[in-house]
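Asks: need a 3D model of the following:
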Amino acid sequence: MNHAKLERPDLLKLSRNPNPRTINMVAIGDALLGAAPPIRALYVYNSNRSQWRRVGQGRERLLARDLFTVVHEQFFTDTCDYADIVLPATTQLEHYDVHTAYGTCTSWPTPGDRAAREALPNSEAFRRLAARMGFTRTASGIPTRTSADQAIESAEAVDAGNRVESLKKKGWQR
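Replies: Coordinates of the predicted model:
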C-alpha cells in the first residue's frame with residue numbers, strides 16, 4: 001500500500017498545528033483523564049470503549065459538559081451512549097474500498113464496491129468535516145474511489161502489474 005496516499009502527511013502543512021498529538025485508541029480512557037492540555041473534542045470511529053485498555057477509565061470525562069463527542073459507528077454501541085452526536089457509518093458493503101486481510105501477513109488485496117448506499121464512509125465524513133472547517137485545499141475534494149485507487153497503486157504494485165484495473169477485472173490477486 002502507498003501509506004502516504006492514505007495517511008496524507010502533506011495535509012499537516014496546512015494545519016495551524018503541524019505536530020498534532022496522537023493517542024492510541026486503547027489509551028483514550030487514560031488520555032481523557034490525564035491529557036495536557038485536556039481533550040475538549042473527541043471523534044470516535046472504527047473504535048469503541050470496549051477496546052480501551054481499562055474500559056472504566058474516562059467514563060466520568062465522557063459525561064463532562066466541556067467534552068464534545070462525535071461517534072461515527074455502524075451499530076449503536078455503548079460509546080454512542082456518551083456521544084453528543086452519533087453519525088451512521090458504512091459497512092464494507094456500503095462503500096468502495098480495497099480490502100486486505102486483517103491480522104495476517106498476506107498480500108492479496110481485493111476491490112470492494114458499494115452494494116448499498118445508506119450511510120457515509122469514514123473518508124466522506126472526514127471530507128465534509130474538512131470542508132466545513134475551511135480546509136478547502138485539502139483532501140476534501142478527493143473522492144473515496146480516487147484515494148483508494150491511489151493507495152493501491154504503490155510503486156511495488158505497479159511493478160508487479162497489480163494495477164487497480166487488474167484488480168477490478170480479476171478480483172483478488174497477489
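
Asks: now for the lengthiest helix in the chain, which elements pack on it?
Replies: When every helix of the chain is counted residue by residue (DSSP state H), the longest turns out to be helix 122-132. When contacts are defined as 3 or more C-beta pairs under 8 Å, 6 or more residues apart in numbering; DSSP states H and E, helix 122-132 sits against helix 144-152. (Glycine included, C-beta is placed from N, CA and C.)

Asks: tell me which residues in the longest helix of the chain are buried?
Replies: For helix 122-132, the neighbour count (16 or more other C-beta atoms under 10 Å) marks Asn122, Ser123, Ala125, Phe126, Arg127, Ala130 as buried.

Asks: same check on stretch 37-56?
Replies: Ile39, Leu42, Val44, Ser47, Asn48, Arg49, Trp52.

Asks: which ones among those residues lie within strands?
Replies: Counting by DSSP state E, the part of these found in strands is Leu42, Val44.

Asks: identify the farthest-apart pair in the buried residues of stretch 37-56.
Replies: Comparing every pair within those by C-beta to C-beta identifies Ile39 and Asn48 as the most remote, at 17.2 Å.

Asks: before we move on, the earlier item: identify the farthest-apart pair in the buried residues of helix 122-132.
Replies: Among the buried residues of helix 122-132, Asn122 and Ala130 lie farthest apart (C-beta to C-beta), at 12.3 Å.

Asks: tell me which stretches of this structure form strands.
Replies: When secondary structure is read from DSSP E, the chain shows strands at 41-45, 68-73, 85-88, 97-99, 110-112.

Asks: ok, the second one: who's next to it in the sheet?
Replies: According to DSSP bridges, strand 68-73 has the following sheet partners: strand 41-45 (parallel), strand 85-88 (parallel).
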